[in-house]
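Chemist: Just a sequence and a predicted model for now, questions to come.
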Amino acid sequence: MFEEIGSVRNEADSDALQILALFKDSISEIRLKEPESVSAYFSPDYSHYLVIHTPLSIRYPEKKEEWNLRFSRDTGVSLVELVLANEGSAYVKGLMAVNGSKVYAILPFTSIDAEKAEAAVYPEDRMGKVRAVVLPDVLPRIRGESILDVGCGFGKITMEIARNNPDSKIYGIDIHDSLTGQAQMNADILGIPNVEFRKGSAYALPFEAGSIETVTCFFMLHHLEDIRHALLEIKRALKSGGWLTAVEPLGDKHRHGPQLSEGKWKELFEDAGFGVEVESRAGAVFLKAVKIE
């Protein structure tokens with residue numbers, strides 16, 4: 001039986017960990033009981049580690065049985081990447097444990113084996129392939145002194161926008177506290193000072209009218225019950241002549257939400273009072289929309 005050697009600090013709860021594939025890039029702190037032992041567990045010779053920790057109480061569906069085997073049995077076993085280590089703590093990506101979980105063992109792991117293991121645990125799905133093609137082209141185009149990312153999740157895309165716009169103020173909102181709290185922790189540890197995460201709804205954005213220059217939505221709008229309501233609220237928050245950039249799945253590339261065509265997406269944006277240009281590629285539609293007074 002392992003003895004406890006430390007504990008986990010993050011903003012994760014059971015809701016945040018329902019979709020591990022999104023959480024895997026988030027950062028957790030491992031606080032060791034004996035601060036001087038950080039150098040004993042974490043060496044410059046290794047970038048990845050196996051961490052044995054308190055298991056998750058979640059049971060994933062049968063098609064995700066790999067997750068149950070690794071994270072929801074008698075113990076949890078996470079493959080993590082070291083971000084940084086200092087006196088008493090190490091910060092790692094990929095630790096699948098809720099805040100306050102116990103840590104029982106830390107073992108070095110090679111980066112080559114880590115790549116193979118991650119591919120097995122998180123195989124790329126159809127939407128992952130679409131994102132990999134579309135986002136590298138779209139994200140560098142996003143500019144503005146104030147940028148709001150609606151439906152930011154754990155903030156991975158929001159932080160990339162912030163890095164691309166270091167002199168701008170970037171905001172990310174999501175409906176779940178655990179997601180925005182974890183996103184802010186990620187940004188703070190990575191040293192991204194120009195981004196701020198807040199809890200908020202796409203139907204009631206926590207910003208004054210006309211206060212935001214650019215809004216982004218990535219693979220989010222199709223999850224909403226009332227897309228038009230959200231578009232009107234985004235329009236309210238935008239400055240005159242402000243821009244909304246959205247990317248959404250086309251056709252059957254995504255099984256959740258309405259299956260909208262390129263033309264229907266364009267119609268929705270125009271009905272909400274936007275002038276919109278539309279491009280489609282790799283199973284997604286890219287909408288660049290300007291607020292029309």
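Modeler: Received the coordinates, thanks.
Chemist: Output the below-cut-off pLDDT ranges for the protein.
Modeler: Across the chain, the ranges flagged by pLDDT under 70 are 1, 251-257.
Chemist: Can you give the domain ranges for it?
Modeler: By the assignment in automatic domain parsing, the chain contains the domains 6-120, 126-291.
Chemist: In CSV: the ones you listed, plus mean neighbour count.
Modeler: Yep, even glycine has a C-beta here, placed from its N, CA and C like the rest. As requested, those are exported to CSV (neighbours: other CB atoms under 10 Å):
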stretch, mean neighbour count
domain 6-120, 17
domain 126-291, 18
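Chemist: Spatially central, which residue of this structure would that be?
Modeler: Phe154 (3.1 Å; CA atoms, centre = their mean).
Chemist: mind checking the SS state of that one?
Modeler: coil (DSSP: H, G, I helix; E, B strand; the rest coil).
Chemist: Quick check: the gap between it and Asp174.
Modeler: Computed as CB to CB, to the nearest Å, the Phe154 to Asp174 distance reads 9 Å.
Chemist: Which residues does stretch 155-165 contact?
Modeler: The contact list for stretch 155-165, computed with CB atoms under 8 Å, 6 or more residues apart in numbering, reads 25, 135, 139-140, 142-144, 147, 149, 152, 168, 170, 172, 180, 182-184, 186-187, 190, 192, 194-195, 197, 216, 218.
Chemist: Select from these every entry located in strands.
Modeler: Those of those mapping onto strands are 147, 149, 170, 172, 195, 197, 216, 218, per DSSP state E.
Chemist: now, which of the residues you listed sits nearest Pro123?
Modeler: Each of these was scored against Pro123 by CB to CB, and Phe218 proved nearest at 21.1 Å.
Chemist: The closest one reaches Ala284, doesn't it?
Modeler: No: when contacts are counted by CB atoms under 8 Å, Phe218 is not listed as touching Ala284 (9.7 Å).
Chemist: looking at this, Arg243 is in a strand?
Modeler: For residue 243 the amino acid is Trp, not Arg. Yes: using three-state DSSP, the assignment for Trp243 is a strand.
Chemist: Might you report the residue contacts of it?
Modeler: Counted by CB under 8 Å, 6+ apart, Trp243 has contacts 144, 213-215, 288-291.
Chemist: Select from those every entry located in strands.
Modeler: Short answer: the contacts of Trp243 in strands (DSSP E) are 213-215, 288-291.
Chemist: Switch those over to TSV; also include distance to Pro55.
Modeler: As requested, those are exported to TSV (distance: CB to CB, whole Å):
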residue	distance to Pro55
Glu213	45
Thr214	42
Val215	39
Lys288	45
Ala289	45
Val290	49
Lys291	48
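Chemist: Contacts only, for Thr75.
Modeler: By CB under 8 Å, 6+ apart, the neighbours of Thr75 are 2, 52-55, 104.
Chemist: any chance of those in TSV, plus secondary structure and distance to Arg9?
Modeler: Converted to TSV, these look like this (DSSP: H, G, I helix; E, B strand; the rest coil; distance: CB to CB, whole Å):
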residue	secondary structure	distance to Arg9
Phe2	coil	19
Ile52	strand	17
His53	strand	12
Thr54	coil	13
Pro55	coil	18
Tyr104	strand	16
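Chemist: between Phe154 and Asp174, what contacts are shared?
Modeler: Ala183.
Chemist: thinking again about what came up before, Val8: which of the contacts of Thr75 is nearest?
Modeler: His53 (6.5 Å).
Chemist: who touches that closest one in this structure?
Modeler: Contacts of His53 by CB under 8 Å, 6+ apart are 8, 75-78, 95, 97, 101-104.
Chemist: if you look at these, which of them are in strands?
Modeler: 8, 76-78, 102-104.
Chemist: doesn't Ile175 make contact with Gly200?
Modeler: Yes: counting by CB under 8 Å, Ile175 is a contact partner of Gly200 at 7.3 Å.
Chemist: Do a quick rundown of the helices in the stretch 51-200 of the chain.
Modeler: Ranges of helices in the stretch 51-200 of the chain, per DSSP state H, counting those that start in this stretch, are 65-71, 111-121, 126-138, 156-164, 177-190.
Chemist: Out of the ones you listed, which is closest to Ile234?
Modeler: From the helices of the stretch 51-200 of the chain, taking CB to CB, the stretch that ends up closest is helix 156-164, at 15.6 Å.
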